[in-house]
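In: give me coordinates for this.
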Amino acid sequence: MARTIKKITLLGANGTMGYGSGALFARADCEVTFLARTKEKAQAGLESAQAQVRSVAVGNKVTLGSYDDDLESAVKDADLIFEAVAEDMAIKDEIFTKVDKYRKPDSIVATVSSGLSISKLAEKHSDSFKKNFLGLHYFNPPNVIVGTELIPSEYTDPELVDFLDEWCTRNQNRVMVKTANSPGFAGNRVGFKVLNEAVQLAEKFNPVYVDYLVGPYTGRAMPPLATIDLVGFDVHQAIVDNVVANVQTGSDEAIESFRMPAYMRQLIEKGALGRKTGGGFFKRIDRVPFYLDIGSGEYRPVSEVKLPQLIFREKIRQLHRIGRYCEAMQTFAAAEGEEALIAQKVIGGYIAYSFNRAGDITETITGIDMIMGMGFNWAPPSVLVDLIGLENTCRMLDRCGIEIPLLLQNAEPDKPFFNEPINIGKFFVAR
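Out: Alright, predicted model coming up:
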């Protein structure tokens with residue numbers, strides 16, 4: 001049967017990923033039903049979607065409902081049922097049981113889960129459900145970030161994977177990356193390894209210092225701890241804990257990098273979740289920036305932190321400003337001193353971890369490159385290697401005590417890794 005997607009039912013419409021994804025579907029000329037626990041919450045989701053894309057026209061394609069009153073009627077005619085409820089296996093399983101009861105046999109069921117096992121989510125349900133179920137992981141906000149992961153389970157029909165890959169590319173202008181059904185998939189597996197290292201470093205130093213050392217000049221849109229404040233401490237915890245709990249023992253050389261420090265768990269218990277609760281590693285009080293003093297648990301003015309004047313950092317920023325990215329990153333890799341070594345270990349770890357995961361979480365390094373570049377807006381690992389140079393990269397990794405990945409050991413010296421038609425300048429800002 002030829003597949004088509006015209007009617008979509010969205011579960012969890014009032015959540016950030018729910019209404020953000022719903023706006024994408026509505027703008028793809030689909031009829032979308034926003035469902036939440038109450039119709040009022042679904043209405044709030046629609047209003048948030050309209051605000052996010054700055055267009056009330058989204059509402060022209062949307063109808064609203066609640067799980068209790070409208071789930072059966074909304075699901076039975078849907079071509080795609082898209083789940084964006086809480087990142088909890090039991091909650092998702094409960095709603096999928098209801099979906100499986102009412103859905104038509106050929107309807108697609110997709111989850112926006114950021115890392116839960118797609119196979120485990122499917123295994124309790126019907127054969128038809130299993131065959132037509134997969135992960136469709138947008139990054140937030142999806143109207144801005146085009147990188148999207150497509151994650152089949154062991155049960156998923158391969159033709160469905162190809163269909164949805166093509167449909168999202170054509171109708172939503174997505175950059176699609178197929179990933180393995182492994183904890184964190186590709187983007188979060190690589191990205192949150194780096195982010196959690198920053199969390200660990202913040203306990204030893206302080207948040208201002210860490211974001212200064214591993215900031216945008218290293219090839220990312222935002223500093224790491226500011227990124228976690230935006231994402232949310234609870235989301236961060238769910239992702240790193242999932243990796244620690246579900247990665248097979250001995251299969252990940254950097255598993256310790258995913259262990260979240262006790263201080264951050266204590267903050268979460270107290271209700272500090274980042275920007276959405278008014279404060280995380282950073283906050284503003286009367287427009288004055290403050291940072292979290294982890295030792296005392298109090299917020300102190302950022303102006304009190306005396307940061308070292310790093311000549312290499314300023315030189316790199318100046319080179320980025322004039323588009324000399326190769327020279328900038330070679331300067332980074334060759335920089336000396338304690339501060340430079342801290343930053344090199346984080347970025348070198350990002351490179352090495354990515355190359356070690358190629359062939360495991362994605363078919364090739366290009367998959368990791370594309371999701372990090374177009375999903376996280378970080379300089380892809382291959383771009384960094386190409387800019388720094390293979391020999392210089394290996395020299396930096398060795399100096400940092402990081403084992404050189406086989407892909408780099410066996411690489412041809414003058415052959416670039418990154419060959420995608422993307423302006424790499426987008427990954428390097430001068431801040």
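In: where exactly do the strands run in this structure?
Out: 7-11, 31-36, 62-66, 80-83, 108-111, 133-138, 147-152, 175-178, 282-285, 288-293, 298-301 (DSSP state E).
In: the last one pairs with which strands, and in what direction?
Out: When you say that, I think you mean strand 298-301. Strand 298-301 pairs in its sheet with strand 288-293 (antiparallel), by DSSP bridges.
In: run the chain-centre distance for stretch 203-211.
Out: Offset of stretch 203-211 from its chain centre (Cα atoms, centre = their mean, to the nearest Å): 22 Å.
In: scratch that, stretch 404-422 is what I was asking about
Out: 24 Å.
In: also stretch 100-117?
Out: 21 Å.
In: what is the mean pLDDT for that stretch?
Out: Regarding stretch 100-117, the rounded mean pLDDT is 96.
In: quick check: buried residues in it?
Out: With burial defined by 16 or more other Cβ atoms under 10 Å, the residues of stretch 100-117 counted as buried are 100, 102-103, 107-117. In short, each C-beta sits where N, CA and C put it, glycine included.
In: with the residues you listed in mind, which one is nearest to Arg313?
Out: Ser114 (31.9 Å; Cβ to Cβ).
In: check the spacing between that closest one and Pro416 real quick.
Out: 31 Å (Cβ to Cβ, to the nearest Å).
In: please apply the same query to Pro223.
Out: 28 Å.
In: more neighbours, the two?
Out: Shown here are Pro223 and Pro416; by other Cβ atoms under 10 Å, Pro223 has more neighbours (24 against 13).
In: looking at that one now. What's its pLDDT?
Out: On the pLDDT scale, Pro223 gets 96.
In: show me the contacts for it.
Out: Shown in contact with Pro223 (Cβ atoms under 8 Å, 6 or more residues apart in numbering): Val210, Asp211, Tyr212, Val214, Gly215, Pro216.
In: could you redo the last one with a cut-off of 10 Å?
Out: By Cβ atoms under 10 Å, 6 or more residues apart in numbering, Pro223 lies in contact with 198, 207-208, 210-217, 229, 281-282, 431.
In: from the residues you listed, which land in helices?
Out: Of the positions in the contacts of Pro223, Ala198, Pro207, Val208, Val210, Asp211, Tyr212, Leu213, Asp229 sit in helices, assigned by DSSP state H.
In: what's around the first one, how many residues?
Out: When you say that, I think you mean Ala198. Ala198: 21 neighbours (other Cβ under 10 Å).
In: next one: the nearest residue to it once chain neighbours are set aside from Phe163, what distance?
Out: Distance criterion Cβ to Cβ, 6 or more residues apart in numbering; nearest residue to Ala198, sequence neighbours excluded, is Pro224 at 3.6 Å. Distance of Pro224 to Phe163, given as Cβ to Cβ: 36 Å.
In: now do Gly20
Out: Taking Cβ to Cβ, one finds Gly20 at 23 Å from Phe163.
In: more crowded one of those two?
Out: Neighbour tally, Gly20 and Phe163, criterion other Cβ under 10 Å: the higher count belongs to Gly20, 24 against 16.
In: now that one, nearest residue through space, not along the chain?
Out: Leaving aside its sequence neighbours, Gly20 sits nearest to Pro142 (Cβ to Cβ, 6+ apart; 4.6 Å).
In: for that neighbour, what are its contacts?
Out: Shown in contact with Pro142 (Cβ under 10 Å, 6+ apart): 16-17, 19-25, 52-53, 112, 148, 172, 174.
In: need phi/psi at it.
Out: Main-chain torsions, Pro142, degrees, to the nearest 10: phi -70, psi -20.
In: among the ones in helices among the contacts of Pro223, who's most crowded?
Out: Neighbour counts for the ones in helices among the contacts of Pro223 (other Cβ under 10 Å) peak at Pro207, which has 27 neighbours.
In: pLDDT score for that one?
Out: 98.
In: same check on Met176?
Out: For Met176, the model assigns a pLDDT of 98.
In: got the contact list for it?
Out: Counting by Cβ under 10 Å, 6+ apart, the residues that Met176 touches are 136, 146-150, 161, 164-169, 367, 370-371, 374.
In: one more pass at 8 Å, please.
Out: Contacts of Met176 by Cβ under 8 Å, 6+ apart are Thr148, Glu149, Leu150, Asp165, Cys168, Thr169.
In: how many other residues sit next to the last one?
Out: It stands for Thr169. If we define neighbours as other Cβ under 10 Å, then Thr169 has 14 of them.
In: contact partners for it?
Out: Thr169 neighbours (Cβ under 8 Å, 6+ apart): Val175, Met176.
In: tell me how far it lies from Asp29.
Out: For Thr169 relative to Asp29 (Cβ to Cβ), the value is 15 Å.
In: before we move on, what about the first one?
Out: From Thr148 across to Asp29, the span is 18 Å (Cβ to Cβ).
In: ditto for the second one
Out: If you measure Glu149 against Asp29 using Cβ to Cβ, the figure is 23 Å.
In: settle it for me: which of those two has more neighbours?
Out: Glu149 (26 against 10).
In: state the distance from that one to Ile361.
Out: 10 Å.
In: okay, and the common contacts of those two?
Out: Counting by Cβ under 8 Å, 6+ apart, the shared contacts of Glu149 and Ile361 are Thr179, Phe185, Ala186.
In: residues contacting the closest residue to the second one other than its chain neighbours?
Out: By that I understand Phe185. Distance criterion Cβ to Cβ, 6+ apart; nearest residue to Phe185, sequence neighbours excluded, is Thr179 at 4.5 Å. Applying Cβ under 8 Å, 6+ apart to Thr179 gives the contacts Glu149, Leu150, Ile151, Phe185, Ala186, Ile361, Thr362, Gly367, Ile371.
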